[in-house]
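A.B. asks: With the input below, show me the fold.
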Amino acid sequence: MMMQQFLHATVLLGLCSTLASCVPPLPPGHNPNQTRENLSNTGTLCLLGQENYNVKVYYLPLDTTCASSSLHRWDSSRLTAVLTPQAGRDDAIKVESFITHVNNHSPVATADCAGAGVQTAQIAANSYRGFDVFWGARKIGGLANSDGAILCKKVDATGKVTPMPQLHDEIRNMAKMDAFMGR
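C.D. replies: Presented below is the predicted three-dimensional model:
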């Protein structure tokens, strides 16, 4: 009987340590004592030039495309991306994002990716040109809308802007999957 209880405890501890290593990072500026956090124009934003001069916008509030839905839930999500002409300069793409992160405090982390909170938007530019990219009031870079051109930037709660080139391949793969799925 004692040996059986020992084996059960060993299996349970092994499972817990395995799940703990798979838990994704929390949102930028996360305070574990809060259960709800409003994220406005923070996280990671990627813009990808597509065929026909379109631009696909990806907003990743957790800086990853996979997060457990048992640990991360989202309310009041909003992503807008608009093309705005600017006199004498490159046109601008202006992006606004808002999402409320809800920390579930769940003791069990599922292996799904439904909790990532990823949002997308599409911009039809109709011709090749350069753009200044603004996220909220902050200019985060520039992009020419050629097929395959990409810009990924992370903005934390303090407003610090960090390039995220390590996400380029992942975003391109997401775009291929979106095209395959008709999204």
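A.B. asks: secondary structure element for Pro82?
C.D. replies: Quick fix: residue 82 reads Val, not Pro. Here Val82 sits within strand 72-84, counting by DSSP states H and E.
A.B. asks: Output that strand as CSV - backbone C-alpha positions only.
C.D. replies: Extracted C-alpha coordinates of strand 72-84, given in CSV (Å, rounded to 0.1, in the frame of the first residue of the first chain):
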residue,chain,number,x,y,z
HIS,A,72,-5.3,32.7,-19.9
ARG,A,73,-8.7,34.2,-20.8
TRP,A,74,-9.4,37.4,-22.6
ASP,A,75,-12.3,40.0,-22.5
SER,A,76,-13.0,43.2,-24.4
SER,A,77,-10.6,42.5,-27.3
ARG,A,78,-10.2,45.1,-30.0
LEU,A,79,-7.8,45.5,-32.9
THR,A,80,-8.0,48.2,-35.5
ALA,A,81,-5.6,48.9,-38.3
VAL,A,82,-6.2,51.7,-40.8
LEU,A,83,-4.3,53.2,-43.7
THR,A,84,-3.8,57.0,-43.3
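A.B. asks: List the buried residues in the following helix or strand past it.
C.D. replies: With elements assigned by DSSP H and E, the helix or strand that comes after strand 72-84 is strand 91-103. For strand 91-103, a neighbour-count test (16 or more other CB atoms under 10 Å) marks 92-103 as buried. Where you see a C-beta, it was placed from the backbone N, CA and C, and this is true even at glycine.
A.B. asks: Let's test this: name the helix or strand in this structure with the lowest mean pLDDT.
C.D. replies: Ranked by mean pLDDT, DSSP states H and E, the helix or strand of the chain with the weakest confidence is helix 2-22, at a mean of 40.
A.B. asks: Which SSE is immediately downstream of that helix?
C.D. replies: Moving toward the C-terminus from helix 2-22, the next helix or strand (DSSP H and E) is strand 36-40.
A.B. asks: helices or strands up against that next one?
C.D. replies: Packing partners of strand 36-40 (3 or more CB pairs under 8 Å, 6 or more residues apart in numbering; DSSP states H and E): strand 91-103.
A.B. asks: and the strand it packs on, how far out from the chain's middle?
C.D. replies: Relative to the chain's own centre, strand 91-103 is displaced by 10 Å; criterion: CA atoms, centre = their mean, to the nearest Å.
A.B. asks: Now do the contacts for the residue nearest in space to the middle of the chain.
C.D. replies: Nearest to the mean C-alpha position of the chain, counting by CA atoms, centre = their mean, stands Leu60 at 0.7 Å. The contact partners of Leu60, by CB atoms under 8 Å, 6 or more residues apart in numbering, come to 43-46, 116-118, 167.
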